[in-house]
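Peer 1: Output the structure for:
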Amino acid sequence: MGCIISLPQMWFRSLFSTSSSSAADSAAGDADNVDIPPHQEKYDVFISFRGEDTRRGITSHLHHALEQKKIVTYIDDRLQRGEAIGPALEEAIKKSKLSVIIFSKNYGSSSWCLEELVHILKCKENGQMVIPVFYDIDPSHVRKQQGSYAVAFARHEKRCKDSIDKGTPIVQAVLMNWYKIEGQTLKRADFRVMSKLMMLIVVNSLDRVNSLDPPDSLQYLLRCLQSSFSYENLVELPIPEGQVNKIWNEDLFGSYSLDLPNSLRYLNWSGYPLKSLPSKFSPENLVELHMPESQVNKLWNEDQRLVKLKVIDLKGSKYLTEVPNLSWSPKIVHVNLDGCERLVEIPGDFQHLHKLTDLNLHGCKCLKHLPDMPENIAFLDLYGSGIQELPESVWSNKNISYLNISHCEDLKKLPSNRCKLKVSGCFDLGYCKSLSEFSELPRDISQLSLVGCKRLVSLPTDICKLKYLKELKLSLCPNLENFPKILEPMEHLESLCLSGTQVQELHSSIEFLPALKTIELLGCKRLSSIPESICKLKSLNILNLGGCSAFYEFPQILEPMEHLNFLSLKGTALEKLPSSIGKLIGLQTLDLDECKNLNVVPRSIYSLTNLATLKFRDCWGLKELPSGSVGLLSLKVLDLFHTRISEIPDGVVGSTSLQDLDLTGTMIRSIPASIKQASQLHTLSLIGCKQLQSLPELPVLCNLKAQGCTSLKTVSSSRAALTQGWDKYVAFGKLDFFDCPKLDHNARSNIMDDGQLRVMRVATEPLEEPYGHDDLHASIVCPGKEIPNWFSCSYQSEGPLVHIKLPPDWFRTGLLGFALSAVVSCVSNCQSELTLIADFNVKFLGESHELFSSLLFIPQASESSFRESNDYCYYPDHMYVWTKRFQSEEVAKKCSLDVYKLANEASVEFDMEGAKGNQKYKKQRQDEESEASDSSDDESEGSESSLCLN
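Peer 2: Residues are numbered from 1 along each chain as shown. Coordinates of the predicted model:
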């Protein structure tokens with residue numbers, strides 16, 4: 001065994017301090033003066049321990065807890081007795097952010113433990129944090145080398161020439177929860193024996209442990225340890241958690257008195273339950289006081305000479321009404337009063353706290369006045385406070401790099417003196433509802449938010465002097481009427497938001513914002529025009545004029561705009577688009593929804609070769625689109641919902657890129673035959689097209705919505721497209737001809753033939769496609785009383801119940817699914833949505849077992865032709881066909897597969913959910929239609945039902 005290296009006195013002082021500063025004090029002070037090691041840390045924590053003492057106890061618990069918190073921990077339990085530590089272990093210590101030394105009874109007798117200690121203390125000199133933990137040993141035995149440490153050190157001294165410096169007292173650190181590690185309740189007597197205690201951390205919430213501070217802070221290091229001492233990891237509580245507070249109050253406080261040792265330098269007590277600190281406690285040695293979420297209304301009754309105090313953290317102490325006099329605390333650096341909502345005053349002596357750098361008054365809504373601040377203040381958070389004005393000393397303080405005054409609803413004005421703040425990044429004045437004006441702002445900011453400043457009338461003209469500004473938000477300022485003239489270029493401004501303001505125009509000087517990418521003017525109801533110089537903004541991507549109801553004319557585009565890809569004119573008073581619209585060559589989305597006066601669309605719109613979305617929804621004045629054989633080569637979505645157009649150009653409807661075409665409620669009479677070239681089309685909506693008389697051959701649609709096409713007579717077969725495009729994936733196919741009463745026999749036959757192909761396509765789609773099983777379905781609806789002839793007569797029945805004799809091999813692996821069909825008429829509440837339900841059951845040994853239940857939704861019957869009264873509507877005979885994909889793995893969850901495989905009988909019961917049993921209207925309809933069949937169901941009239949197995 002080699003000779004142990006001596007431990008220099010300076011290292012012991014840094015760990016076992018005798019000076020008046022605590023470990024918290026020392027750590028905070030040293031952190032500012034220590035250079036960060038040049039190497040990059042590999043581990044968060046290095047644990048030094050004596051294996052035979054602690055491996056199965058605290059060390060394993062600590063290691064497990066740290067790993068659970070995703071804290072990378074190095075622990076070496078492979079080193080054998082007598083071995084010296086090698087380069088790898090030295091490197092592990094060096095590349096750890098902090099080291100934890102677990103002093104146990106036999107730690108001092110291990111030469112390699114002490115060698116680890118030497119390397120740890122060397123790293124501490126270079127800025128690494130070190131935390132001592134005492135396990136099953138009196139800390140004084142380590143401090144004074146008594147007991148087992150006296151014996152061990154005597155042995156080492158015999159082998160070494162250099163002796164270890166003795167007699168230095170060690171800092172005691174106590175980490176407490178509601179319970180001690182042994183599971184015993186904490187009592188007042190436990191505090192009385194801690195007469196020399198320097199650190200005390202009481203944790204009442206494990207959430208506090210998890211909300212770690214920055215890795216270089218003392219709290220971060222200590223909380224890494226706190227997590228390992230939680231009762232979740234070490235103790236099974238003997239009583240319910242709800243009784244914890246009762247035990248705490250009775251056992252610890254009794255008559256609401258508490259003895260804290262005057263030696264305390266670091267006190268961290270989350271949720272401290274008393275109204276003030278104990279009257280007998282003298283905090284003169286305190287360096288850091290952390291009491292978040294406490295019940296205190298004031299810390300102490302008399303002025304205290306807290307010459308060592310550096311940190312006060314009372315975050316969330318909602319009963320705190322006053323801050324103590326800190327004039328005798330010259331070392332104060334950080335004061336956190338975040339969420340102290342009853343605090344009414346900050347003492348004027350704060351301006352003399354020359355070392356104060358951080359003051360957090362976030363959410364102090366009763367605080368109306370802020371005194372002058374010291375020169376060194378760098379962080380000042382006033383978010384949501386009740387202050388009415390800022391001191392000039394704040395505005396002219398060049399050391400302040402962070403100032404948050406957003407949501408200060410009573411703040412009326414900003415100081416008029418020159419602003420010297422060094423704030424960069426975002427400067428947020430949002431929701432300062434009383435702020436009406438300001439002169440200067442910090443010059444280095446990149447973002448300025450004035451959102452919700454309801455009394456703001458104008459902006460200063462020298463706002464253009466904010467040379468680094470990238471984003472300017474002025475939305476929801478209802479009294480802002482003018483945006484100032486740009487007197488000099490603002491080369492970095494990229495985003496301008498004026499939504500919800502009263503701005504009437506944009507000045508032509510807008511061109512002096514060359515980097516502008518986004519202009520938001522949503523809901524500017526007084527804006528009537530924008531300047532032609534807008535086209536000089538070559539970087540502009542987004543121009544949103546939606547809801548500008550007074551905007552009536554879009555300017556001529558004098559120069560091509562390659563980067564403008566989104567233009568919204570939704571809800572404007574626009575009557576026509578400029579003929580130069582084709583110069584917006586980069587446009588991808590043009591939103592003209594709800595432009596009720598729009599009546600002219602120029603032919604140049606077809607020059608927009610990048611346009612993917614074109615929306616004219618609810619443009620009631622639009623009667624036609626310009627003719628054109630080729631154009632809009634990238635168009636995917638064309639929305640003409642509730643326009644008055646009567647025809648659509650061939651070149652538009654036949655676009656090979658078109659995916660979604662909505663002609664709902666239009667005056668369209670026919671669809672061009674070129675639509676079959678729209679190979680990407682997956683949705684065609686023709687709902688309520690009452691003038692439509694015929695449909696040509698269609699491409700492989702997923703969705704065709706033709707409800708309420710009351711004049712529709714002929715529907716061409718799309719069989720050719722369906723068979724040719726069999727390799728094209730279709731997630732679902734829906735053909736809806738509900739309420740198309742004039743469909744002739746040939747049209748209905750074509751619809752059902754196409755429907756059969758769609759059913760087969762969906763049934764044969766591979767399940768590995770990126771869609772859920774529930775999306776793999778087809779449905780067909782059209783007027784009629786006859787089940788399609790491709791359904792077997794063996795599986796048909798009048799009435800809601802179909803009985804089936806199952807073949808022996810019906811449950812074969814090749815079974816793709818089921819096709820169901822029902823002819824239904826019923827009476828229902830006009831505002832209800834109906835659901836057609838099919839329940840499939842198999843019978844085995846006389847018992848029924850559910851195989852599946854399938855639903856089909858039927859739209860509301862709002863058309864006048866269906867209405868029987870103000871409340872009830874009649875659904876005439878319609879035939880419904882839909883599919884149910886067979887999934888044996890889902891079936892197996894309900895019952896053994898053998899039950900289904902051996903079953904030889906089955907039944908399908910159809911039902912209507914949402915239908916109302918109004919016998920008066922049923923009887924009237926039955927009298928009028930002699931073909932109507934009687935129904936045994938009081939709420940529906942199912943004339944026929946059928947099942948097909950594929």
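Peer 1: out of everything not next to it in sequence, what's closest to residue 286?
Peer 2: Nearest residue to residue 286 in three dimensions, chain neighbours excluded: residue 309, at 5.3 Å (CB to CB, 6 or more residues apart in numbering). Quick note: C-beta positions are derived from backbone N, CA and C, even for glycine.
Peer 1: and that neighbour, how many neighbours?
Peer 2: With neighbours defined by other CB atoms under 10 Å, the count for residue 309 comes to 24.
Peer 1: List the residues that contact it.
Peer 2: 283, 286-289, 326, 329, 331-332 (CB atoms under 8 Å, 6 or more residues apart in numbering).
Peer 1: Now name the helix or strand holding it.
Peer 2: Residue 309 is part of no helix or strand, with elements assigned from DSSP states H and E.
Peer 1: can I get the contacts of residue 309 in TSV with secondary structure?
Peer 2: What follows is these, written out as TSV (DSSP: H, G, I helix; E, B strand; the rest coil):
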residue	secondary structure
283	helix
286	coil
287	coil
288	strand
289	strand
326	coil
329	coil
331	coil
332	coil
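Peer 1: Closest one to residue 518 out of those residues, please.
Peer 2: The closest of these to residue 518 turns out to be residue 332 (CB to CB; 44.2 Å).
Peer 1: From what I see, the closest one and residue 307 are in contact.
Peer 2: No. Look at residue 332 against residue 307 with CB atoms under 8 Å: they stay out of range, at 10.3 Å.
Peer 1: Same drill for those two, tell me which one is more crowded.
Peer 2: residue 332 (21 against 13).
Peer 1: Find the nearest non-adjacent residue to that one, please.
Peer 2: Residue 332 sits nearest to residue 353 (CB to CB, 6+ apart), 4.9 Å away.
Peer 1: For residue 331, which non-adjacent residue is closest in space?
Peer 2: Per CB to CB, 6+ apart, closest to residue 331 is residue 310, 5.1 Å.
Peer 1: And the pLDDT for that neighbour?
Peer 2: Turning to residue 310, the model gives it a pLDDT of 93.
Peer 1: again, but for residue 847
Peer 2: 79.
Peer 1: Angles on the backbone of it, please.
Peer 2: phi -110, psi 140 (degrees, to the nearest 10).
Peer 1: and it, what does it touch?
Peer 2: Contacts of residue 847 (CB under 8 Å, 6+ apart): none.
Peer 1: where in the stretch 451-600 of the chain is pLDDT low?
Peer 2: Judged by pLDDT under 70, the stretch 451-600 of the chain has no weakly predicted residues.
Peer 1: For it, just list every one of the strands.
Peer 2: Taking DSSP state E, counting those that start in this stretch as the test, the strands found in the stretch 451-600 of the chain are 471-473, 495-497, 518-520, 542-544, 566-568, 589-591.
Peer 1: Could you dump the ones you listed into TSV with distance to residue 42 and mean neighbour count added?
Peer 2: What follows is these, written out as TSV (distance: least, CB to CB, whole Å; neighbours: other CB atoms under 10 Å):
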stretch	distance to residue 42	mean neighbour count
strand 471-473	39	20
strand 495-497	42	20
strand 518-520	44	20
strand 542-544	46	20
strand 566-568	47	21
strand 589-591	49	19
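Peer 1: Any idea what residue 705 is bridged to?
Peer 2: Beta-bridge partners for residue 705, by DSSP bridges, are residue 685, residue 736.
Peer 1: Distance of it relative to residue 581?
Peer 2: Distance, residue 705 to residue 581, using CB to CB, to the nearest Å: 30 Å.
Peer 1: Now do the contacts for residue 523.
Peer 2: Shown in contact with residue 523 (CB under 8 Å, 6+ apart): 499-500, 546-548.
Peer 1: ugh, typo on my part, it should be residue 452
Peer 2: With contact taken as CB under 8 Å, 6+ apart, residue 452 is in contact with 430-433, 475-477.
Peer 1: make it 6 Å
Peer 2: 430-431, 476 (CB atoms under 6 Å, 6 or more residues apart in numbering).
Peer 1: same question, residue 697
Peer 2: Residue 697 makes contacts with 676, 716, 718, as judged by CB under 6 Å, 6+ apart.
Peer 1: Export the strands of the stretch 451-600 of the chain as a markdown table, with columns for distance to residue 69.
Peer 2: As requested, those are exported to a markdown table (distance: least, CB to CB, whole Å):
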| stretch | distance to residue 69 |
| --- | --- |
| strand 471-473 | 37 |
| strand 495-497 | 39 |
| strand 518-520 | 41 |
| strand 542-544 | 43 |
| strand 566-568 | 45 |
| strand 589-591 | 46 |
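Peer 1: Out of these, which is closest to residue 316?
Peer 2: Per CB to CB, nearest to residue 316 of the strands of the stretch 451-600 of the chain: strand 471-473, 29.6 Å.
Peer 1: ok, and what's touching the closest one?
Peer 2: For strand 471-473, the external contacting residues (CB under 6 Å, 6+ apart) are 447-449, 451, 495-497.
Peer 1: can we see that at 10 Å?
Peer 2: With CB atoms under 10 Å, 6 or more residues apart in numbering as the test, strand 471-473 has contacts from 426, 428-430, 445-452, 459, 463, 466, 483, 490, 492-499, 513, 516, 518, 520.
Peer 1: Assess the claim that residue 740 and residue 705 are in contact.
Peer 2: No. If you go by CB atoms under 10 Å, residue 740 and residue 705 don't touch, sitting 11.3 Å apart.
Peer 1: in the stretch 651-800 of the chain, which segments are predicted with low confidence?
Peer 2: Using pLDDT under 70, the stretch 651-800 of the chain drops low at 725-732, 765-776, 793-794.
Peer 1: Where do the helices of it begin and end?
Peer 2: Per DSSP state H, counting those that start in this stretch, the stretch 651-800 of the chain carries helices over the ranges 719-724, 745-763.
Peer 1: Turn those helices into TSV, including distance to residue 881 and mean neighbour count.
Peer 2: Converted to TSV, the helices of the stretch 651-800 of the chain look like this (distance: least, CB to CB, whole Å; neighbours: other CB under 10 Å):
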stretch	distance to residue 881	mean neighbour count
helix 719-724	15	15
helix 745-763	6	20
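Peer 1: beta partners for residue 715?
Peer 2: In beta-bridge terms (that is, DSSP bridges), residue 715 pairs with residue 695.
Peer 1: Hmm, it is touching residue 695, no?
Peer 2: Yes. With contacts counted by CB under 10 Å, residue 715 reaches residue 695, the gap being 4.7 Å.
Peer 1: So for those two, which residues contact both of them?
Peer 2: Common neighbours of residue 715 and residue 695 (CB under 10 Å, 6+ apart) are 704, 706, 709, 737, 747, 750-751.
Peer 1: what's the closest of these to residue 821?
Peer 2: Nearest to residue 821 among these, counting by CB to CB, is residue 751 at 12.9 Å.
Peer 1: Am I right that the closest one is in contact with residue 734?
Peer 2: No. Look at residue 751 against residue 734 with CB under 10 Å: they stay out of range, at 12.0 Å.
Peer 1: so what sits against both of the two?
Peer 2: Shared contacts of residue 751 and residue 734, defined by CB under 10 Å, 6+ apart, comprise 704, 780-781.
Peer 1: Nearest to residue 658 among these?
Peer 2: Closest approach to residue 658 among those (CB to CB): residue 704, at 14.3 Å.
Peer 1: And for that closest one, the neighbour number?
Peer 2: Residue 704 has 22 neighbouring residues, counting by other CB under 10 Å.
Peer 1: what about it, distance to residue 382?
Peer 2: Where residue 382 is concerned, residue 704 sits at a distance of 60 Å (CB to CB).
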